[in-house]
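>>> Could you work out the structure for the sequence below:
(chains A and B)
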Amino acid sequence: MKFEIISKDSTGAARRGRLTTRHGAIETPVFMPVGTQGTVKSLTPDELEDLGAQIILGNTYHLYLRPGAERIARFGGLHSFMHWNGSILTDSGGFQVFSLAKIRKIQEEGVIFQSHIDGSRHMISPEVSMQIQMQLGSDIAMCFDECTSYPVTREYAKQSMDMTVRWARRCKQAHALPGQALFGIVQGSIYPDIRRACLEQLRDIDFDGYALGSLAVGEPKEEMLAVLEAITGELTESAPRYLMGVGTPEDLVEGVRHGVDMFDCVLPTRNARNGMLFTSQGSIQIKNSRFADDDQPIEIDCTCYTCRRFSRAYLRHLFMSRELLVYRLNTLHNLHYYLRLMENIREALQEDCFDQWRRDFYNGLQK
RNA sequence: GUGGGUGUAGCUCAAUAGGUUAGAGCACUGGGUUGUGGCCCCAGAGGCUGUCGGUUCAAGUCCGAUCACUCACC
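Residues are numbered from 1 along each chain as shown, chains lettered A, B, ... in the order given. Sure thing, here's the model as predicted:
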């Protein structure tokens, strides 16, 4: 994996870069649509490609439980199994073990948990997570970490971060797939000094990229920004920076402003299925009755497949009727919005007018 | 025609022995959703308790009539 910085914003920390994996170049800052179970829900790989998706995220936890990593390996890995030729980043399973699994026991060795599907017992350790991610054959693997919830005490955050670092060391040790990058994950909740200490140790281990975990887990927005403020300056300049699980369009803009290169979030896809659609003027709920007779597209000037064809009234009808098509049409629009947003950001960075672009972005939202 | 049963929110049903402001689920309206269970969570609106009369301090509840639906039997 190679990462190069193409240009830097003269007014702040934002940067325009290019990440090259075995599956091609990724222009950054980039948003990675979430494709948990070997599919970005409701879309075909061709549609994803047409939307301009460069890299998607897959999940170790889900794919390990079903259909199983060995099976996917037999099919030549996740790319081949799901027929996606772009890049793939796999989450380590750390987050899901904490957010989805029913009973769990965290110990030095790893995490024992019960499957959310059938209740069966499993253990994921740093070594197991690496093994699965290597079998999936993703382009970027993530270290197995503990994602702390919010709030946690300083003591817990410190102790958890220490373990995450020990796990990171074991991940690095167990990782043995040529061409697959491995990212470390900075933990430490909202405590800047713990975050910094974590980053320092991760840097000693030496990873291909560094991620910020356990943000947007319920903390006030100012807390998240404070952590970004405190930590992004310390991140290795020459390595990609990944803000995990974030976020809203505003979060992406602020992340970029603080020098983040990569994002992933379920919002555009999950909210699409729940009827929330993003526009440059803010989000709308397509189920609102005021759209029942609205012949306009979701967003007037939007060039997505959905907006070029369908009215809000039709989309509302499909949504209220729970018709399958609406999941796809809404997802197409939301991802189009997110991916265009990042494209616009990259363009602004390239022309070194990000600061102005950002002001225009916020002005648009207030309309 | 005779006998029985049931009528409560848009729908399906609750409401101790007659006793505060008649409740719930679904549907509807609005809000939420941040390393994904097509979920889920929060809030709101919505009632001449079929109709008329009676008993009672007090009736969705008891009595009578009437209408509607429904079951059984001629």
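
>>> what about stretch A:271-285 and RNA strand B, any contact?
Yes. Applying CB under 7 Å from any atom of the strand, one finds stretch A:271-285 touching RNA strand B at A:N271, A:R273, A:N274, A:G275, A:M276, A:S283, A:Q285. In short, each C-beta sits where N, CA and C put it, glycine included.

>>> List buried residues within those residues.
Among the residues of stretch A:271-285 next to RNA strand B, those buried by neighbour count (16 or more other CB atoms under 10 Å) are A:N271, A:R273, A:G275, A:M276.

>>> Narrow the residues you listed to those in helices?
Among these, the ones falling in helices (DSSP state H) are A:N271, A:R273.

>>> which among the residues of stretch A:271-285 next to RNA strand B gets closest to A:A348?
Distance to A:A348, by CB to CB, is smallest for A:S283 among these, at 21.9 Å.

>>> and that closest one, that one's in a strand?
Yes. A:S283 forms part of a strand when assessed by DSSP: H, G, I helix; E, B strand; the rest coil.

>>> Where do the strands of the stretch 101-250 of chain A begin and end?
A:104-106, A:111-114, A:121-124, A:140-142, A:181-186, A:209-212, A:241-243 (DSSP state E, counting those that start in this stretch).

>>> The buried ones among the residues of stretch A:271-285 next to RNA strand B into JSON lines, with extra columns for distance to A:E343 and pLDDT?
What follows is these, written out as JSON lines (distance: CB to CB, whole Å; pLDDT from 0 to 100):
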{"residue": "A:N271", "distance to A:E343": "20", "pLDDT": "98"}
{"residue": "A:R273", "distance to A:E343": "24", "pLDDT": "97"}
{"residue": "A:G275", "distance to A:E343": "25", "pLDDT": "97"}
{"residue": "A:M276", "distance to A:E343": "22", "pLDDT": "98"}
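
>>> Can you pick out the most distant pair from the buried ones among the residues of stretch A:271-285 next to RNA strand B?
A:R273 and A:M276 (9.1 Å).

>>> interface residues of the stretch 251-367 of chain A facing RNA strand B?
Residues of the stretch 251-367 of chain A lying near RNA strand B (CB under 7 Å from any atom of the strand): A:251, A:264-267, A:269-271, A:273-276, A:283, A:285, A:287-290, A:292, A:320, A:322, A:324, A:327.
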